[in-house]
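Participant: Any chance you can model this:
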Amino acid sequence: MFVQAGARGAYAYDEDGREYVDYVMAYGPLLLGHTYPALTGNLDELAREGFVWGSTHPSEIRLAERIRSHLPSMERMRFVTTGTEAMMSAVRVARAYTGRSLILKFAGNYHGHSDFALLDAGASAHTGDARAGGIPDGVVADVAVCRYNDLASVDEVLRERGADLAAIAVEPIVGNMGYVAPLPGFLEGLRERTRRCGAVLIFDEVITWLRLGLGGAQVRLGVAPDLTTLGKIMGGGAPIAAFGGNAEVMSVLAPDGPAFTGGTHGGNPFCVGMAHRVLDVLERRPELYDGMRVLARRLADGLSRAFAAKGLSYAVVADESIVDFKFRPGAPARDYDEARSADRAAYAAYYHAMLAGGILLPPSQNEVMFLSAAHTGSDVDRTLEAVEDALAPHG
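Facilitator: Reported below is the predicted structural model:
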């Protein structure tokens, strides 16, 4: 088992001081790499006035305004600590706004570890037996799980329970059953159906915002949700997240409305300060995205060549700083059923071989590889050399 004892830049270190090229990157938030100087320097300045106040402050308001400038759909927002809290809060807002209970989600998407979110979830959290997993029957009754990229499965639920639908929650581009992109018309179809039903469309952009650029998935794809959730990538890994969206929908929140969400650490000055630092870097240095995109493409192309040389017809995808493939032949997966058809034993063997070769990958094939601004061409070359060795038993 890998036990991490340190990190710097693109590298993780174990207890013996051995260096690994890190493609976990805290499962995505470390867009700039470990210990990026502009984030970790002079932390006393952020801590001088305290870590938590419990009051709204000007820096918090300014951060909300900066986020809204990149995500115009987030007309109003609240800061919380984790992506799980953000999704819990967004679901409560949707239910309060609509007066309904049913949440429709998609198999293989991951929305944190609250009860509703774990049903047929992606990442490492798949829960097949809800009761054994501690999820009450009442929760199960208020959740419908559909197939991603399959509007027919959505329509089947809506025919029976459309009048009960409070929200559709979705990763607009999925990073938790591997990388899965929406088929043309899928997100637009969800947008049209929620409007027709009087329900709320929630985009979980905990992975995609900032990873895919300052506009996230929604700006790139041109589909505006009613509510959006964001995660700790905004703080460079510091515990800060947010939910927000349409001003009318958000008006149900206390103190103006009847729905309560809260947390003492929400919008705390230290983490808000970290988020400002992250946005400062990304807004001033757009070339960082260019560099990561080039490296991701280089890694993906090298993986494709390595697989082809071994007669393995695995599709490799690259999107900005994300790279992914599955141990399954054919085109990239379109849904969780296809993603789960991958050879888990083959990935496990590959993971351990890569670890032995000094490359740290996510232990679950449901996760993707994340590059950062700290990765270099030499890191990619070192990775591809390890891939050749790891695939040797297949030859």
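
Participant: Is Arg191 in contact with Asp226, as I believe?
Facilitator: No - assessed by CB atoms under 8 Å, Arg191 is found out of contact with Asp226, at 9.2 Å. Every residue, glycine included, has its C-beta placed from N, CA and C.

Participant: and for those two, which residues touch both?
Facilitator: Common contacts of Arg191 and Asp226 (CB atoms under 8 Å, 6 or more residues apart in numbering): Leu201.

Participant: higher neighbour count, those two?
Facilitator: Asp226 (24 against 16; other CB atoms under 10 Å).

Participant: ok, the more buried one to Ser114 distance?
Facilitator: Distance, Asp226 to Ser114, by CB to CB, to the nearest Å: 19 Å.

Participant: just Ser341 next, same as before
Facilitator: Distance of Ser341 to Ser114, computed by CB to CB: 28 Å.

Participant: Please go through the protein and pick out the longest helix.
Facilitator: Using DSSP state H, we find that the single longest helix of the chain is helix 287-309.

Participant: Of all the residues in that one, which ones are buried?
Facilitator: Applying a neighbour-count criterion of 16 or more other CB atoms under 10 Å, the buried positions in helix 287-309 are 288-289, 291-293, 295-296, 298-300, 302-304, 306-307.

Participant: Between the residues you listed, which sits nearest Ala10?
Facilitator: Distance to Ala10 across the buried residues of helix 287-309 (CB to CB) is lowest for Leu295, with 10.0 Å.

Participant: Contact partners for that closest one?
Facilitator: 321, 371, 375-377, 380.

Participant: Of these, which is the most crowded?
Facilitator: Neighbour-wise, the contacts of Leu295 (other CB under 10 Å) top out at Leu371, 30 neighbours.

Participant: Which other helices and strands does the lowest-mean-pLDDT helix or strand in the chain contact?
Facilitator: In the chain, the helix or strand scored least confidently by mean pLDDT, DSSP states H and E is helix 137-141, which has a mean of 82. Helices and strands touching helix 137-141, by 3 or more CB pairs under 8 Å, 6 or more residues apart in numbering; DSSP states H and E: there are none.

Participant: Figure out how far the helix or strand where Glu188 lies is from the centre of its chain.
Facilitator: Assigning secondary structure by DSSP states H and E places Glu188 in helix 186-197. Centre-to-centre, helix 186-197 and its host chain are 22 Å apart (CA atoms, centre = their mean, to the nearest Å).

Participant: List the buried residues in it.
Facilitator: Buried-residue list, helix 186-197, by 16+ other CB under 10 Å: 186-187, 189-191, 193-194, 197.

Participant: for stretch 206-221, same thing?
Facilitator: Result for stretch 206-221 [16+ other CB under 10 Å]: buried residues 206-219, 221.

Participant: and that stretch, how far apart are its ends?
Facilitator: 16 Å (CA to CA, to the nearest Å).

Participant: For that stretch, what is the distance to the chain centroid?
Facilitator: Mean-position distance between stretch 206-221 and its chain equals 10 Å (CA atoms, centre = their mean).

Participant: Over to stretch 4-17?
Facilitator: Relative to its chain's centre, stretch 4-17 lies at 23 Å (CA atoms, centre = their mean).

Participant: end to end, how far does that stretch reach?
Facilitator: End-to-end for stretch 4-17, by CA to CA: 9 Å.

Participant: Return the set of buried residues in the particular helix or strand that has Asp337 in it.
Facilitator: Using DSSP H and E, Asp337 maps to helix 336-340. Using 16+ other CB under 10 Å as the test for burial, helix 336-340 gives 336, 338-340.

Participant: could you point out which element follows it?
Facilitator: Going down the chain from helix 336-340, the next helix or strand is helix 344-356, by DSSP H and E.

Participant: rewinding a little: for whichever helix or strand comes after the least confident helix or strand of the chain, C-alpha coordinates in CSV please.
Facilitator: Following helix 137-141 in sequence order, the next helix or strand is strand 143-146 (DSSP H and E). Only the C-alpha atoms of strand 143-146 are listed here, as CSV (Å, rounded to 0.1, in the frame of the first residue of the first chain):
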residue,chain,number,x,y,z
VAL,A,143,-34.1,9.2,-5.8
ALA,A,144,-34.3,7.9,-9.4
VAL,A,145,-31.1,6.7,-11.1
CYS,A,146,-30.9,6.9,-14.9
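
Participant: In CSV, list the C-alpha atoms belonging to the helix or strand just after strand 143-146.
Facilitator: Going down the chain from strand 143-146, the next helix or strand is helix 151-161, by DSSP H and E. Below are the C-alpha coordinates for helix 151-161, written out as CSV (Å, rounded to 0.1, in the frame of the first residue of the first chain):
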residue,chain,number,x,y,z
LEU,A,151,-32.6,10.7,-22.5
ALA,A,152,-35.0,7.7,-23.0
SER,A,153,-34.2,6.5,-19.5
VAL,A,154,-35.0,10.0,-18.2
ASP,A,155,-38.3,10.1,-20.0
GLU,A,156,-39.2,6.8,-18.5
VAL,A,157,-38.9,8.2,-15.0
LEU,A,158,-40.7,11.4,-16.0
ARG,A,159,-43.7,9.6,-17.4
GLU,A,160,-44.3,8.0,-14.0
ARG,A,161,-43.0,10.7,-11.6
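
Participant: for the lengthiest strand in the chain, what is the average pLDDT?
Facilitator: When the chain is scanned for its longest strand (criterion: DSSP state E), the result is strand 322-329. Regarding strand 322-329, the rounded mean pLDDT is 97.
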